[in-house]
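Chemist: pasting the structure only:
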């Protein structure tokens with residue numbers, strides 16, 4: 001029987017899967033065009049983190065807590081984008097503040113897509129776990 005909880009969970013998994021697959025494509029596209037000779041580690045993370053989003057999503061069907069990995073990927077991607085953005089704007093001398101660089105990066109579509117994947121995966125994980133069991137001897141309220 002298909003319950004509302006199950007329908008919502010499938011919808012959230014569908015959204016997370018679509019976004020993580022889109023990020024896989026974005027990461028592969030970024031890998032073809034980025035120059036890793038300058039800022040080797042942040043530049044590599046710039047395309048590896050989005051590519052890792054889809055395998056982490058698929059791994060979520062095996063291990064229920066893998067949605068936490070999506071959150072880690074999203075936070076690491078914001079930091080990576082902020083590092084690359086700060087280095088670019090400081091070398092061209094148009095930075096106003098570190099906060100403005102972070103805000104500009106958080107508002108970008110790839111970062112929003114990774115956070116959307118993380119939120120949808122975490123919500124689906126919470127719905128999959130179900131409500132906590134009541135303590136022995138406690139009644140359920142109707």
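Modeler: Thanks, I have it. No experiment lies behind these values; they were computed from the predicted model shown. Residues are numbered from 1 along each chain as shown.

Chemist: residues of the helix or strand where residue 20 lies that come out buried?
Modeler: Element membership for residue 20 (DSSP states H and E) is helix 4-33. Neighbour-count burial for helix 4-33, counted by 16 or more other CB atoms under 10 Å, picks out 9, 12-13, 15-17, 19-20, 22-24, 26-27, 30-31. Just so you know, the C-beta spots here come from the backbone N, C-alpha and C atoms, and that holds for glycine as well.

Chemist: and what of stretch 62-81?
Modeler: For stretch 62-81, by 16+ other CB under 10 Å, it's 66-71, 73-74, 77-78, 80-81.

Chemist: Which neighbouring residues are in contact with the residue nearest the centre of the chain, exactly?
Modeler: The centre of the chain sits closest to residue 114, judged by CA atoms, centre = their mean, with a distance of 3.2 Å. Taking CB atoms under 8 Å, 6 or more residues apart in numbering as the criterion, residue 114 is in contact with 19, 23, 49-50, 53, 70, 73-74, 77.

Chemist: One more: residue 68?
Modeler: Applying CB under 8 Å, 6+ apart to residue 68 gives the contacts residue 122.

Chemist: Roughly how far does it sit from residue 6?
Modeler: Residue 68 sits 22 Å away from residue 6 when distances are taken as CB to CB, to the nearest Å.

Chemist: now the helix-or-strand element of the chain with minimal mean pLDDT, how far from the centre of its chain.
Modeler: When the helices and strands of the chain are scored by mean pLDDT, DSSP states H and E, helix 98-106 comes last with a mean of 85. Relative to the mean C-alpha coordinate of its chain, helix 98-106 is positioned 17 Å out (CA atoms, centre = their mean, to the nearest Å).

Chemist: Can you mark which positions in the following helix or strand past it are buried?
Modeler: Under the assignment DSSP H and E, the closest C-terminal helix or strand after helix 98-106 is helix 109-129. Under the neighbour-count criterion of 16+ other CB under 10 Å, helix 109-129 has 110-111, 113-125, 127 buried.
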